[in-house]
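Participant: Could you work out the structure for the sequence below:
(2 chains)
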Amino acid sequence: MTTEAALQAAREFADRHGLDGLAPEHLARLAELAPMVAAAAATVPRLADKAAGPAWVLQTEITSPAASAPERAEGETA
Amino acid sequence: MRQPLDIADDWGVVSLASRLHAGEAAAPATVDLCLDRIGVLDGELHSFVHVAEAHARTVARQDRTGPLAGVPFAAKDTIDVAGMPCEAGSRLREGHVATVDAPIVRALHAAGAICLGKLACWEYGTGNGGEYFDLKRPPARNPWDLARATGGSSTGSGAAVAAGLVPFALGSDTTGSVRLPAAATGTVGMIPTRGRLSTEGLLPNCYTLDVPGVFAWTVEDTARVLATLLADPQLEARAAEPVAGLRVAVAREPGAGMPAADPALVEGIDAGLDVLASLGVELFDVRLPVAVADCFAATRMIGPTESAAIHEAELRTRPEAMGFALRDKLLYGSLVRAVDYVQAQRFAHHVAGEIDRLLRDYDALVTFGTLHLPPVLGVEPAMTAFTVDTMLTPFNLSGHPALVQCTGFSASGLPLHWQVVAKRGDEASGLRLARAYERATPWRRRRPPIVAALAEMTA
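Facilitator: As a prediction, the model looks like this:
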């Protein structure tokens, strides 16, 4: 059962991260999911070797500069 | 005399291409046959979301050359085919029409294949295994039992191939989206080594795990299509070599945190291994070097998080337009800490190395695919269990080529299956083992009841 405190935390999380289009039922689900995500995250094995990093993904496809340019907000400059 | 809508033995990609090349069949008539079958069967199956009837008929009249000349196919609705809708099963993409072929589609067109349309999928090619009946189209149905699910997310691809609506189809796989539908529909579903096929023109679901894949009725057909996509003309010949003396590892134990496989699947794998042994294959029982549950946990940090990044704008602006499954996944992904995402990616790298090391001593590896038979559509917890209780995710993390093929049928007539995994870049060995098994067993002679009923209806 979702508590009011959990709901409030979900509202604050959504506010912090710009998820302002979420309806009350979506926020309630966000509150339900939060502990489930944390529990699932805790089951991911941790590698003891600090040098064991992720495999970097190298994209070798050649795309046009326009296709690969980052989106920018209006008025924002590179 | 063949009945007009019957599925003949020569309906496969290779045999059809051969007959078309020899002038024993004509592309326009082949396309008409597919369209007629779609017209009769797909009202119940819901495997197609767009049938490009006029386009296919026009293209079929043109001269075509190549290893797939005149052979019809269809693509998951997350894959761009120029001039066709690409709505990915979502209200968010209503009216979206692709302007350029995805490179994998371009390769098929260049090989002479004819695209008949787009196939159903879970919204945005993703989901949580559940069916919520809240999208704009009804879900695809399993041709073996219309009350059952097709597996996802490439729902229409498996159903359409199993029902003989098209000889082959394209899909994509992030944590099982090709192999789950193949398992549920008794088709062959294969993903090549990650990175060998471009994902350009596919609506992204997870940048680091997405792999395009192929559905076909036989392994031979799968090899033809993959050889075309990979531009590897030797693949078919290598996949047809004898298997006596091959060293094959068998990992039946998914490890802690996973249920046992359904008894019918266990019987299927046992009988299948006997067949391989009779062909001279050397079998070795092994344990996977990583726990499947750990791999699944890692994919739960990677998949939803990348999806949430990819579709962040939609979650911010139009969450109400999404179905429950997509929205739930994006909410979930929004909650994953960057720390846990990185831990999962570190673990994925570890998994890849461990499986590389395991396969060093073997030509291929056999495992279960999913641990369950296809569930009744919409009924929990079986629906979600079919998707999450699997031995598929280690090979999504590792990027190895993997296929699922039919290994017989349950007492209730549902397809059984296993998964065959090969070394990175060695798709041929997996295909070789699967092809030899397929040729030694009768399963490809049995089509779903809905197809048999069609044949009787038109007799």
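Participant: check contacts around B:Ala382.
Facilitator: Counting by CB atoms under 8 Å, 6 or more residues apart in numbering or on different chains, B:Ala382 makes contact with B:His372, B:Pro375, B:Val376. The way it works is simple: take the backbone N, C-alpha and C, and place the C-beta from them, glycine included.
Participant: who in chain B is up against chain A?
Facilitator: Contacts of chain B with chain A, taken as CB under 8 Å from any CB of the partner chain, map to B:198, B:200, B:207-208, B:293-294, B:297-298, B:300-301, B:315-320, B:327-328, B:331-332, B:334-337, B:340, B:342-350, B:352.
Participant: so of those, which ones are in helices?
Facilitator: B:293-294, B:297-298, B:300-301, B:315-317, B:327-328, B:331-332, B:334-335, B:340, B:342-350, B:352 (DSSP state H).
Participant: Now the residue positioned nearest the centre of chain A: closest residue in space, sequence neighbours ignored.
Facilitator: In chain A, the centroid-proximal residue (CA atoms, centre = their mean) is A:His17; its distance is 9.0 Å. Excluding its sequence neighbours, the residue lying closest to A:His17 (CB to CB, 6 or more residues apart in numbering or on different chains) is B:Ser334, at 6.7 Å.
Participant: So for that neighbour, what's the pLDDT?
Facilitator: What the model reports for B:Ser334 is a pLDDT of 98.
Participant: From A:Leu27, how far out is it?
Facilitator: 12 Å (CB to CB, to the nearest Å).
Participant: And those two? Which one has more around it.
Facilitator: Neighbours around B:Ser334 and A:Leu27, counted as other CB atoms under 10 Å in any protein chain shown, are more numerous at B:Ser334. The numbers are 23 against 20.
Participant: For A:Ala41, see how far away that one is.
Facilitator: According to CB to CB, B:Ser334 and A:Ala41 sit 13 Å apart.
Participant: next one: B:Ala25
Facilitator: Remark: distance between B:Ala25 and A:Ala41 (CB to CB) = 55 Å.
Participant: got it, and B:Val266?
Facilitator: 33 Å.
Participant: next one: B:Arg357
Facilitator: As judged by CB to CB, B:Arg357 and A:Ala41 stand 27 Å apart.
Participant: Any stretches of chain B with poor pLDDT?
Facilitator: B:1-10, B:455-459 (pLDDT under 70).
Participant: go again using 80 as the cut-off
Facilitator: For chain B, the stretches flagged by pLDDT under 80 are B:1-10, B:452-459.
Participant: now do chain A
Facilitator: The model of chain A has pLDDT under 80 over residues A:1, A:56-78.
Participant: follow-up on the earlier one: which of B:Val266 and A:Ala41 has more neighbours?
Facilitator: Neighbours were tallied for B:Val266 and for A:Ala41 using other CB under 10 Å; the higher tally belongs to A:Ala41 (19 against 15).
Participant: Which residue comes closest to the residue in the stretch 351-459 of chain B that chain A sits nearest to once chain neighbours are left out?
Facilitator: Closest approach between the stretch 351-459 of chain B and chain A, counting by CB to the nearest CB: B:Ala352, at 6.5 Å. Nearest non-adjacent residue to B:Ala352, counting by CB to CB, 6+ apart: B:Ser398, 4.1 Å away.
Participant: give the contact list for the one you found.
Facilitator: So B:Ser398 contacts B:Ala348, B:Val351, B:Ala352, B:Glu354, B:Ile355, B:Asp356 (CB under 8 Å, 6+ apart).
Participant: Quick check: longest helix in chain A by residues?
Facilitator: Under DSSP H, chain A gives helix A:24-42 as its longest helix.
Participant: Can you get me a residue count around the residue lying closest to B:Thr390 once chain neighbours are set aside?
Facilitator: Setting aside the residues directly before and after it, B:Thr390 is nearest to B:Thr370 in space (CB to CB, 6+ apart), at 4.4 Å. Residues near B:Thr370, counting by other CB under 10 Å, number 27.
Participant: Quick check: residues of chain A near chain B?
Facilitator: Residues of chain A lying near chain B (CB under 8 Å from any CB): A:13, A:17-23, A:26, A:29-30, A:33-34, A:36-37, A:40-41, A:43-47, A:52-55, A:57, A:61.
Participant: again, 6 Å this time
Facilitator: Within chain A, the positions near chain B by CB under 6 Å from any CB of the partner chain are A:18-19, A:21-22, A:26, A:30, A:33-34, A:37, A:40-41, A:43-47, A:52, A:54-55, A:57.
Participant: can you list contacts of stretch B:310-322?
Facilitator: Counting contacts by CB atoms under 6 Å, 6 or more residues apart in numbering or on different chains, the residues outside stretch B:310-322 that touch it are A:Gly18, A:Leu19, A:Gly21, A:Leu22, A:His26, B:Arg91, B:Leu92, B:Pro204, B:Arg327, B:Leu330.
Participant: Just to check, the last one is in contact with B:Ala308?
Facilitator: I take that to be B:Leu330. Yes - applying CB atoms under 6 Å, one finds B:Leu330 in contact with B:Ala308, separated by 4.8 Å.
Participant: In terms of neighbours, single out the busier of these two.
Facilitator: Legend: neighbour count by other CB under 10 Å for B:Leu330 and B:Ala308, higher for B:Leu330 (27 against 18).
Participant: The more buried one: what's it in contact with?
Facilitator: B:Ala308, B:His311, B:Leu315.
Participant: in stretch B:186-202, what counts as buried?
Facilitator: Buried residues in stretch B:186-202, counted by 16 or more other CB atoms under 10 Å in any protein chain shown: B:186-194, B:196-197, B:199-202.
Participant: can you give me the end-to-end distance of it?
Facilitator: Start-to-end span of stretch B:186-202 (CA to CA, to the nearest Å) is 25 Å.
Participant: how far is it from where the chain is centred?
Facilitator: Its chain's average C-alpha position is 9 Å from that of stretch B:186-202, according to CA atoms, centre = their mean, to the nearest Å.
Participant: Now do the contacts for the nearest residue to B:Gln345 once chain neighbours are set aside.
Facilitator: Nearest non-adjacent residue to B:Gln345, counting by CB to CB, 6+ apart: A:Pro54, 3.6 Å away. A:Pro54 is in contact with B:Gln345, B:Arg346, B:His349, counting by CB under 6 Å, 6+ apart.
Participant: Quick check: A:Pro54 is in a strand.
Facilitator: No - according to DSSP: H, G, I helix; E, B strand; the rest coil, the state of A:Pro54 is coil, so it is not within a strand.
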